[in-house]
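J.: Predicted model and sequence follow; I will ask about them next.
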Amino acid sequence: MSTARKLRLGPLPRTEIVKLSFPCSAGLKADLDRYAAQHAQIYGEAVDAVALIPHMLEAFMERDRGFRATSHKR
């Protein structure tokens, strides 16, 4: 597998965090773990799936036109 391609989620910024817990399917967890492994290979910093989830959700929400249309920017 080639890791020369960039992933949609780039290097992770340092931010203040609030802890949340949620259930997910075993398949989703496996995909998140694979994504985290690719991210670590491309950007040279070990990261686990838990660290990626908030950034993925934030990116998803920023691109959701329906949500943006009814929400105020932070």
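T.: The structure has been received and is ready for your questions. Because the structure is a prediction, the values reported are computed rather than measured.

J.: Give me the buried positions along the longest helix along the chain.
T.: If you go by DSSP state H, the chain has its longest helix at helix 26-43. By 16 or more other C-beta atoms under 10 Å, the buried positions in helix 26-43 come out as Leu32, Tyr35, Ala36, His39, Ile42, Tyr43. Heads up, the C-betas are built off the backbone N, CA and C, glycines and all.

J.: would you turn these into CSV with pLDDT and distance to Pro13?
T.: Formatted as CSV, the buried residues of helix 26-43 follow (pLDDT from 0 to 100; distance: C-beta to C-beta, whole Å):
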residue, pLDDT, distance to Pro13
Leu32, 95, 19
Tyr35, 94, 17
Ala36, 95, 16
His39, 93, 13
Ile42, 92, 16
Tyr43, 91, 12
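
J.: tell me the contacts of the residue nearest the centre of the chain?
T.: The centroid of the chain falls nearest to Met56 when counting by C-alpha atoms, centre = their mean (2.8 Å). For Met56, the contact set (C-beta atoms under 8 Å, 6 or more residues apart in numbering) comprises Leu9.

J.: so where does it fall, helix or strand?
T.: Assessed by DSSP states H and E, Met56 sits inside helix 49-63.

J.: Please apply the same query to Arg68.
T.: When elements are defined using DSSP H and E, Arg68 is found to belong to helix 65-70.

J.: Let me see the mean pLDDT of that helix.
T.: The pLDDT scores in helix 65-70 average 88.

J.: Dump the buried residues of helix 26-43 into JSON lines; add distance to Pro23 as well.
T.: Compiled in JSON lines, those are given as follows (distance: C-beta to C-beta, whole Å):
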{"residue": "Leu32", "distance to Pro23": "13"}
{"residue": "Tyr35", "distance to Pro23": "18"}
{"residue": "Ala36", "distance to Pro23": "19"}
{"residue": "His39", "distance to Pro23": "23"}
{"residue": "Ile42", "distance to Pro23": "29"}
{"residue": "Tyr43", "distance to Pro23": "28"}
